[in-house]
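Novice: Please find the sequence and the predicted model below.
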Number of protein chains: 2
Amino acid sequence: MALIVQKYGGSSVADAEGIKRVAKRIVDTRRAGHDVVVAVSAMGDTTDELLDLAAQIAPIPAPRELDILLSAGERISMALLALAIHSMGYEARSYTGLQAGMVTDDRHGAARIVGVTPVRVRDALDEGAIVIVAGFQGFNPDTQDVTTLGRGGSDTTAVALASALDADVCEIYSDVDGIFTADPRVVPHARKLDAIGSEEMLELAANGAKVLYIRAVEFARRHGVLIHARSTFSSGPGTYVLSPGMTLPDTEGEAMEEPIVAGVATDLGQAKITIIGVPDVPGKAAEIFKIVAKSGANVDMIVQNVSAAATGRTDISFTLPKADATAALRALAAEQAEVGFESLVHDDQIGKLSVVGAGMRTHSGVSATLFEALSIAGINIEMISTSEIRISVVLRGDDLATAARVVHSAYGLDGEIEAVVHAGTGR
Amino acid sequence: MALIVQKYGGSSVADAEGIKRVAKRIVDTRRAGHDVVVAVSAMGDTTDELLDLAAQIAPIPAPRELDILLSAGERISMALLALAIHSMGYEARSYTGLQAGMVTDDRHGAARIVGVTPVRVRDALDEGAIVIVAGFQGFNPDTQDVTTLGRGGSDTTAVALASALDADVCEIYSDVDGIFTADPRVVPHARKLDAIGSEEMLELAANGAKVLYIRAVEFARRHGVLIHARSTFSSGPGTYVLSPGMTLPDTEGEAMEEPIVAGVATDLGQAKITIIGVPDVPGKAAEIFKIVAKSGANVDMIVQNVSAAATGRTDISFTLPKADATAALRALAAEQAEVGFESLVHDDQIGKLSVVGAGMRTHSGVSATLFEALSIAGINIEMISTSEIRISVVLRGDDLATAARVVHSAYGLDGEIEAVVHAGTGR
């Protein structure tokens, strides 16, 4: 008998049928003899609909009230899920973030969990009940007000509960079967991984993989929580995300051979800004990126060309999320005279491909394989950046899918059959 | 400067436009120099939609979870209303039933308020904020769980808050201008009353008038809360509901002349059951109405015919809400042999007309006027019942509108112009 925390996203509980299907999964887990605590997101598009309503009423919504509004979404889904479990003959109790002791700071809309005191959750488990907790929300003990955790909040709720309750595993359900060596919609021969290291998972998630949220994986890594990413639509195993020192369950601690490359991530959500004719004097890059940071943009890769000796000027390119590009361009244009650059070029037709693997630390030639595969396919590389366990390249967006397929194949990652793809994803 | 509690129903906040209109009214009240506390219902049909969802998922929903589900409705409307007020430049804070200290017993779905400790509401008022409180909900301190108050819950929330905060007035907004001498949709020449006694209001509400809920009026009467029933769509005064000892505001305590008849109520929501051939022996009526009560039916009027000496049997008729009739009929049929009656007749084509007025206590001839008016109109009376300040008659449902018009006229209640009628009503 284990204690299992499960998380179900909005697309899994989008309607009455979905809620009943999820309830059945939960009851099946209970029937198998386990204690179950569930973190659930708001139904389907509820959160977006509430945000739309708020926008119709207030152009800049007051943060405290917006959080109260949004927290209603999980209140509805958690109560319905508990009702569904009840009607299958099992005791279930739903708790809000406050009732479950999800203590956060007071940053409305992007609150951080500072502690979990799940007294009522433990009591309910002791009394034999299945516990449903509202994902995405907590409360600040000073103000006694509801807070929301922002993007990926429900995943984080689940991992934080698993940590506080010392659960055996935190199962994060979505509409995909687990973590793949690449996005199966881009690379049809992508393979599901049985397990992946949390460090590699973080690099994949940061570079375009959508199955798990970075915050939740970081929390799990820091607190030693075993994540199992699974599909709501299948009963087969998904992918375990292993933090340092963990081994794959049911393998009696047998060490896996670490693959050199765990996966290939693709990202079409970035844009590139090039600043042309920047005076090649010390401090100019700092000046520029201070301006960009103040605009709220999150800069990813940066490349500076070798200075042309004749002009004493250079070009600087950087990538950032497409949504941040307009603000960054405006901020830079406003300081053009001050900084002394010649012009700005905006390019939103790029794609980023990243190869991630912990084995890179000890194996040479990993980047050579990447460059050779792209060269054979006739694909031009525009920017390169690397971390200890990752190589990323920027290409034309149109080339990204082909690039992902040839690179995936070059690293020997191709499976024998095509992966099945479902639609939609949860919060 | 006064402290004003306002209540807005679901139809007043059914969409973004409605919420903005209500917010403007609240801000106007604040601008006039008053402190404002608002109790708000869920938007439009939200509660019914949530009940539908619950019914799809669980045929007999668990009461605790159903209350959590339903309480999400006011959470949404209160937050949106606070957002709207904020965007007009005024500080507003929304509080759930729990946060507002609305203490109830633990009867989920039909909880009774046992006390109000509005500490956070007072603090917010002291800090100059407009306070929005979720109507219809409270919490039980033993279980720390959310409860809902059942029908008329938001009106009761408002009156209970007004009592606990010692407010100057509790304004209950709906889509009608106030309390009328009759339903203006039935009697076009009905007049709006400036004031009505709480006792008469209770009789009117109990006999078909829909503007205020009985529970709220009872609470106001018991705790000396002045109710002002007003329209969301007009800025003119509505109707004050005066508890014993109160006088109409702005009249310097001048006593109003009490009308003999305050109003005429009509009700098409009742059915009549006649039990034929009941043995005329002591205890039979008690036996019958114990059976009916156990079926959950709420009996209104009862008439027993004079016994026919030849048979030793009599007929008993009673009225009850249409929705209760099937259960009552089943319960009686199951005990037919035991009770020994001959047959059951069900009639759902009746209408009830009630004439209400505190002046009846001291004036004779009130019932004669009623019977004469109906007689001239050729309308047959099937049942009669009276209280100290009310006479009710059961007629054919088809005759009800005509009856109401002639009776309204016979008591001299007709106004000179036709009343304006709006559609819809709130929770």
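Specialist: Sure, I can see it.

Novice: ok, A:A377 - contacts?
Specialist: A:T402, A:A403, A:V406 (Cβ atoms under 8 Å, 6 or more residues apart in numbering or on different chains). Where C-beta positions appear, they are placed from N, C-alpha and C, glycine not excepted.

Novice: Secondary structure class of the first one, three-state.
Specialist: When you say that, I think you mean A:T402. Taking DSSP: H, G, I helix; E, B strand; the rest coil as the rule, one finds A:T402 in the helix state.

Novice: so what's the backbone phi/psi at A:I60?
Specialist: A:I60 has phi and psi values of phi -120, psi 90 when expressed as degrees, to the nearest 10.

Novice: quick one on the thing from earlier: can you put the contacts of A:A377 in a markdown table and add neighbour count?
Specialist: Supplementary listing: the contacts of A:A377 in a markdown table, determined by neighbours: other Cβ atoms under 10 Å in any protein chain shown:
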| residue | neighbour count |
| --- | --- |
| A:T402 | 15 |
| A:A403 | 24 |
| A:V406 | 19 |
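
Novice: show me which of the residues you listed neighbour chain B.
Specialist: Subset of these in contact with chain B: empty, counting by Cβ under 8 Å from any Cβ of the partner chain.

Novice: Can you tell me, leaving aside adjacent residues, what's nearest to whatever residue of the stretch 251-400 of chain A ends up closest to chain B?
Specialist: Scanning the stretch 251-400 of chain A for the residue nearest chain B gives A:G296, at 22.4 Å (criterion: Cβ to the nearest Cβ). For A:G296, ignoring the flanking residues on the chain, the nearest one in space by Cβ to Cβ, 6 or more residues apart in numbering or on different chains is A:A327 at 5.9 Å.

Novice: Please name the residues that touch that neighbour.
Specialist: Applying Cβ under 8 Å, 6+ apart, the residues near A:A327 are A:S295, A:G296, A:A297.

Novice: quick one: which of the residues you listed is most hemmed in?
Specialist: Counting neighbours by other Cβ atoms under 10 Å in any protein chain shown, A:A297 comes out on top of the contacts of A:A327 with 24 neighbours.

Novice: The residue of the stretch 251-400 of chain A closest to chain B and A:D324 touch, don't they?
Specialist: Yes - here A:G296 lies in contact with A:D324, judged by Cβ atoms under 8 Å, at a distance of 6.6 Å.

Novice: For B:L202, see how far away A:L395 is.
Specialist: Distance of A:L395 to B:L202, given as Cβ to Cβ, to the nearest Å: 77 Å.

Novice: just for the stretch 301-427 of chain A, where's the confidence low?
Specialist: The stretch 301-427 of chain A contains residues with pLDDT under 70 at A:307-309, A:418-427.

Novice: can you give me the strands in it?
Specialist: For the stretch 301-427 of chain A, the strands defined by DSSP state E, counting those that start in this stretch cover A:302-304, A:313-321, A:343-347, A:350-356, A:383-387, A:390-396.

Novice: Export those to TSV and append columns for distance to B:E91 and mean neighbour count.
Specialist: Formatted as TSV, the strands of the stretch 301-427 of chain A follow (distance: least, Cβ to Cβ, whole Å; neighbours: other Cβ atoms under 10 Å in any protein chain shown):
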stretch	distance to B:E91	mean neighbour count
strand A:302-304	44	16
strand A:313-321	34	20
strand A:343-347	41	13
strand A:350-356	45	26
strand A:383-387	47	15
strand A:390-396	48	22
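
Novice: Out of those strands, flag the one nearest B:G236.
Specialist: strand A:313-321 (54.3 Å; Cβ to Cβ).

Novice: packing partners for the closest one?
Specialist: If contacts are counted by 3 or more Cβ pairs under 8 Å, 6 or more residues apart in numbering or on different chains; DSSP states H and E, strand A:313-321 sits against strand A:270-279, helix A:284-294, strand A:302-304.

Novice: do that again at 6 Å, thanks
Specialist: The contact analysis (3 or more Cβ pairs under 6 Å, 6 or more residues apart in numbering or on different chains; DSSP states H and E) places strand A:313-321 against strand A:270-279, strand A:302-304.

Novice: quick one: the first one to strand A:350-356, angle?
Specialist: This points to strand A:270-279. 100 degrees (axes from the mean of the first three to the mean of the last three Cα atoms, to 10 degrees).

Novice: which parts of the stretch 51-200 of chain A sit against chain B?
Specialist: Residues of the stretch 51-200 of chain A lying close to chain B by Cβ under 6 Å from any Cβ of the partner chain are A:54, A:56-58, A:61-62, A:65, A:68-69, A:72, A:75-76, A:79-80, A:82-84, A:86-87, A:94.

Novice: can you do 8 Å?
Specialist: Counting by Cβ under 8 Å from any Cβ, the stretch 51-200 of chain A comes close to chain B at A:53-54, A:56-62, A:64-66, A:68-69, A:71-73, A:75-76, A:78-80, A:82-84, A:86-87, A:92-94, A:99, A:120, A:144.

Novice: Please indicate which of those residues are buried?
Specialist: A:53-54, A:56-58, A:61-62, A:64-66, A:68-69, A:71-73, A:75-76, A:78-80, A:82-84, A:86-87, A:92-94, A:99, A:120 (16 or more other Cβ atoms under 10 Å in any protein chain shown).
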